[in-house]
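Okay, here's the prediction I keep looking at, along with the sequence it came from:
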Amino acid sequence: MNRNSILSFVIVAAGTAALLATTAQSQLGSPKSYVSLQPTTPGTSQSGHSNVSGTSRAAQFAGGGAALTNVNANLLDGLDSSAFMSSSSPLIVSGTQNSLPIIRGSNTSTAANSIGILGEITSTSPGSFSAGVSGVNLGTGGFGIGVWGSQNGGGWGITGVSVSGRGVYGSVTGGSGTSSGVYGESASTSGLGVFGTANATTGATYGGSFHSFSPSGTGVLGWARATNGTTSGVDGQSDSPAGRGIYGHNSAASGPAYGGYFESAATGASVPLGATAVFGISTSTSGFGYGVRGRSMSENGTGVFGEAYHATGSTSGVYGLAFSELGNGVYGYASGGGTGVSGITQGGSGIGRGVWGTAFNSGGRGVQGDSPSTTGVGYGVFGSAPIIASGYAVFASGDMGASGVKPFRIDHPFDPENKYLLHYASESPMPQNFYVGNVVTDSKGYAWVELPDYFDEININFKYQLTVVDDADSDRFVMAKICKEIRGNRFQVRTNAPNVKVSWRVDADRNDLYVKRKQPKDVVEKIGTERGTYQHPELYGMPPERGMDYEPVQETRRPFMRGKK
């Protein structure tokens, strides 16, 4: 028998064959080709190489992997992960792969709570940078992926758990380009590009918090590619009373910085509700429901700022919808000198609206402005236009009503810094126009008064007033009369003395097309929710709830609107 052969014996006992083998021995000659098995761990180190064409199996592989070359398979494919989960030493895998992944986590189980790759951090060291799973893509082209998780069941492709670090951390090291720290995409008709949830019931928790330091990067980019269904690019939820489903924060000290920026590229008449940059819905049937709520703590800040730059179509900078009777489609709050809601339209063609309000219910208000302060000078609605402009600070395309007086107000000419001068409009039970002027009669005591060329088109039922002016205060008294009434937009005056100055006034009922269609009345019945109410109940000794504008929810909001929570 050759001394290099493995000795083996077959023993047959009671009809059973058993193979007995001696311990494999290293080849005595040189060069050696075999490594002997040793009963203890780690045993005596031996020099040699393993080169087999078959399958190599072991309960555990140990040793450095820096010299691994020509890897052409999934390095950890098929290994039991329990050994690594229970091991106290870190698992380090490094390699270069051209097609297949170095590490691939795939879970095809249909059971719940199944995980492709699980990364955990238990470090509590303050200020340390720890990551459960960190995927970095340094490639400069194509759709390179730092970490890829795939899951076909009800679990997660990638889940990261951390006590104080990052459960899942995505980083893009490039300083330019449209890079994304975390990119979420859903092609499902009811899927979510990124779904963040905070289950804590207290504290300022966040469903998701994302940051990008690239000049043109994106903190969060959510994309739902499905063309139908109730998909969401980003859907954030928080169960905490003080939590945020989605929280956007921008700490830039200058520039047009945005805590959150939303853009709609949808076009065409078939798009539901038009192209909407922000769509807020409050489905609450009680309490304070807000479709969109904006708050600005800056003196020059903006609670909600919406822009619609598209020159055509029914685009909306901000569109809020509330189905609750006490809810708000859009509610903006500014505690300082900022703006609760600011709407701007600029450039383009057509009619732009900075703020558009529409009320379809019978007692609704398209736009309502309140000034509840009892001190100082407050304005429920304030409109401004430059003096040199040809537009209007406030314009009503229809009737304009007022329950009080209608003054015009200017700076007092003698004390413009400290006083206002007010003149009040005259009242009449019917729409009236009046025209005034002066005329001097000729040597025979006659004079024609010329009226505007549109006079006959918009007036009926003329009334005249004449006053003789005698600045010399002569002893004679001169009489004046209308000798020819208005015909062809003029009338004639006659005095019983020549060369007499006469001041005249003509009042007429409005008779333009609007008045003919409207047929104004001086007494009308109260209808709908206004019946049984007062415009100013306090003048009649009635409580506030008898007022036509009374709403319980507004009474509770007003202290909040003044900055008192």
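Good, I have the coordinates. Numbers count the residues shown, from 1 in each chain.

What is the least confident helix or strand in the protein?
Within the chain, no helix or strand scores below strand 8-13, which has a mean of 40 by mean pLDDT, DSSP states H and E.

Pull out the buried residues from stretch 458-472.
Going by neighbour count (16 or more other C-beta atoms under 10 Å), the buried part of stretch 458-472 is 458-459, 462, 466, 468. Quick note: C-beta positions are derived from backbone N, CA and C, even for glycine.

Name the nearest of these relative to Val515.
Closest approach to Val515 among those (C-beta to C-beta): Ile458, at 8.3 Å.

How many residues are close by the closest residue to the closest one other than its chain neighbours?
The spatially closest residue to Ile458, leaving aside those adjacent along the chain, is Asp512, at 4.2 Å (C-beta to C-beta, 6 or more residues apart in numbering). Residues lying near Asp512 (other C-beta atoms under 10 Å) number 14.

Looks like Asp512 contacts Phe455 (just checking).
No - contact criterion C-beta atoms under 8 Å: Asp512 and Phe455 do not qualify, at 11.4 Å.

Ser371 versus Lys406, what's the distance?
Per C-beta to C-beta, to the nearest Å, Lys406 is found 17 Å from Ser371.

Repeat that for Val439.
Using C-beta to C-beta, one obtains 47 Å as the distance from Val439 to Ser371.

if you count what's nearby, which of the two comes out ahead?
Shown here are Val439 and Ser371; by other C-beta under 10 Å, Val439 has more neighbours (17 against 12).

which residues touch stretch 197-210?
Residues from elsewhere that reach stretch 197-210 (C-beta atoms under 8 Å, 6 or more residues apart in numbering): 181-182, 194, 196, 219-220, 234, 236-247.

Quick one: the helices in this protein, in order.
82-86, 455-458, 513-518, 552-561 (DSSP state H).

who touches the second one?
Meaning helix 455-458. Here helix 455-458 makes contact (C-beta under 8 Å, 6+ apart) with 433, 435, 486, 488-489, 508, 510-512.

tell me the contacts of Thr345?
Residues in contact with Thr345 (C-beta under 8 Å, 6+ apart) are 308, 317, 352-354.

per-residue pLDDT, Pro413?
We have a pLDDT of 95 for Pro413.

Now do the same contact list for it.
Contact partners of Pro413, counting by C-beta under 8 Å, 6+ apart, are Leu421.

what about 10 Å?
Applying C-beta atoms under 10 Å, 6 or more residues apart in numbering to Pro413 gives the contacts 419, 421.

Do you know the pLDDT at Leu75?
In this model, Leu75 is scored at 45, pLDDT.

coming back round to it: can you tell me which of the helices of the chain has the worst average pLDDT?
Across these, helix 82-86 has the smallest mean pLDDT, namely a mean of 44.

how far away is Val493 from Phe395?
Val493 sits at a distance of 38 Å from Phe395 (criterion: C-beta to C-beta).

When these two are compared, which one has more neighbours?
Val493 (22 against 9).

can you pull the pLDDT of the more buried one?
For Val493, pLDDT reads 98.

is it in a bridge, and if so with what?
Ala447, Ile482 (DSSP bridges).

Contacts only, for it.
Val493 makes contact with 439-441, 445-449, 464, 466, 480-484, 500, 502, 504 under the criterion C-beta under 10 Å, 6+ apart.

And those residues, which of them are buried?
Among the contacts of Val493, those scoring as buried are 439, 441, 445, 447, 449, 466, 480, 482, 500, 502, 504 (criterion: 16+ other C-beta under 10 Å).

Make sure the fourth one is actually in contact with Val439.
What it means is Ala447. Yes - using C-beta atoms under 10 Å, Ala447 is in contact with Val439, at 4.5 Å.

Only whichever of the contacts of stretch 197-210 are buried, select them in PyMOL.
In PyMOL, a selection of the buried entries from those looks like this (16+ other C-beta under 10 Å):
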select buried, resi 181+182+194+196+219+220+234+236+238+240+243+244+245+246+247
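
So which of the contacts of stretch 197-210 belong to strands?
Within these, membership in strands is found for 194, 196, 234, 236-238, as judged by DSSP state E.

can I get those residues in TSV with pLDDT and distance to Tyr261?
Listed next are the ones in strands among the contacts of stretch 197-210 as TSV, based on pLDDT from 0 to 100; distance: C-beta to C-beta, whole Å:
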residue	pLDDT	distance to Tyr261
Val194	71	16
Gly196	73	18
Val234	75	12
Gly236	75	15
Gln237	75	21
Ser238	72	21
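
got the residues you listed as JSON lines, with distance to Ala389 columns?
Below are the ones in strands among the contacts of stretch 197-210 laid out as JSON lines (distance: C-beta to C-beta, whole Å):
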{"residue": "Val194", "distance to Ala389": "47"}
{"residue": "Gly196", "distance to Ala389": "48"}
{"residue": "Val234", "distance to Ala389": "42"}
{"residue": "Gly236", "distance to Ala389": "44"}
{"residue": "Gln237", "distance to Ala389": "48"}
{"residue": "Ser238", "distance to Ala389": "47"}
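
Look up how far Ala226 lies from Thr189.
Separation of Thr189 from Ala226 (C-beta to C-beta): 5 Å.

what do you get for Leu513?
Per C-beta to C-beta, Leu513 is found 53 Å from Ala226.

quick one: which of these two has more around it?
Under the criterion of other C-beta under 10 Å, the comparison of Leu513 against Ala226 puts Ala226 first, with 13 against 9.

Tell me who's in contact with the more buried one.
With C-beta under 10 Å, 6+ apart, Ala226 has these contacts: 186-191.

Report the buried members of the residues you listed.
Neighbour counting by 16+ other C-beta under 10 Å classes 186, 191 among the contacts of Ala226 as buried.

In strands only, show me the contacts of Ala226.
Among the contacts of Ala226, the members falling in strands (DSSP E) are Ser186.

could the contacts of Ala226 go into TSV alongside distance to Gly259 and pLDDT?
Converted to TSV, these look like this (distance: C-beta to C-beta, whole Å; pLDDT from 0 to 100):
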residue	distance to Gly259	pLDDT
Ser186	24	73
Ala187	29	73
Ser188	29	73
Thr189	30	72
Ser190	28	71
Gly191	26	70
